[in-house]
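Visitor: any chance you could fold what I've pasted below:
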Amino acid sequence: MVDVGAKTETARRARASGRIRMQPSTFALIESGSAKKGDVLGVARIAAIQAAKHTADLIPLCHPIALTRVAVEFTLDAAHASVTCTTTAETFGRTGVEMEALTAASAALLTIYDMCKAVDRGMVIEEIRLLEKAGGKSGHWQSGP
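Guide: Residues are numbered from 1 along each chain as shown. Here you go, the predicted structure:
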């Protein structure tokens with residue numbers, strides 16, 4: 001692990017997103033809340049939060065972080081039969097929360113896949129990426145369009 005002991009504690013925030021594409025019939029199940037396994041987006045939201053809290057257990061050499069906030073938003077796009085997940089992770093500490101936001105988005109999308117795989121094994125998870133990070137010595141960074 002990188003030594004962060006000498007770093008100044010600051011407010012830190014990161015946002016990440018990803019998308020899952022599926023068949024229109026699968027999208028309809030999610031949108032209507034009628035998937036066999038239950039509330040797909042509700043369970044995916046909990047999975048994202050849990051994943052953010054356990055990032056250091058999953059990613060080697062990642063610092064354990066006391067998160068102060070994890071937010072999860074879903075955007076449903078019927079025209080493209082896709083769901084986009086955007087996550088925000090925040091802390092007040094010595095290291096950033098980019099990995100927590102990325103892990104949260106990944107876990108949410110994997111949960112959607114798991115809950116719908118019985119009806120659609122061809123779903124595609126794509127475009128998992130960091131959207132923005134703020135705080136720390138490197139300051140603010142935001143991805144391009």
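
Visitor: pick out the residue nearest the middle of the protein.
Guide: Taking Cα atoms, centre = their mean as the criterion, residue 105 is the residue nearest the geometric centre of the chain, at 1.5 Å.

Visitor: how about the contacts made by that residue?
Guide: By Cβ atoms under 8 Å, 6 or more residues apart in numbering, the contact list for residue 105 reads 16, 17, 18, 48, 85, 86, 87, 128. Just so you know, the C-beta spots here come from the backbone N, C-alpha and C atoms, and that holds for glycine as well.

Visitor: pLDDT-wise, which helix or strand of this structure ranks last?
Guide: One helix or strand of the chain scores below all others by mean pLDDT, DSSP states H and E: strand 141-142, with a mean of 94.

Visitor: what residues does stretch 46-59 touch?
Guide: Stretch 46-59 is contacted by residues 62-65, 67, 70, 72, 85, 87, 89, 99-101, 103-108, 110-111 when judged by Cβ under 8 Å, 6+ apart.

Visitor: now with 7 Å?
Guide: Stretch 46-59 has contacts (Cβ atoms under 7 Å, 6 or more residues apart in numbering) with 62-64, 67, 70, 72, 85, 87, 89, 99-100, 103-105, 107-108, 111.

Visitor: tell me how far the biggest helix by length in the chain lies from the chain's centre.
Guide: Secondary structure of the chain per DSSP state H: the longest helix is helix 98-116. From the chain centre to the centre of helix 98-116 is a distance of 5 Å (Cα atoms, centre = their mean, to the nearest Å).
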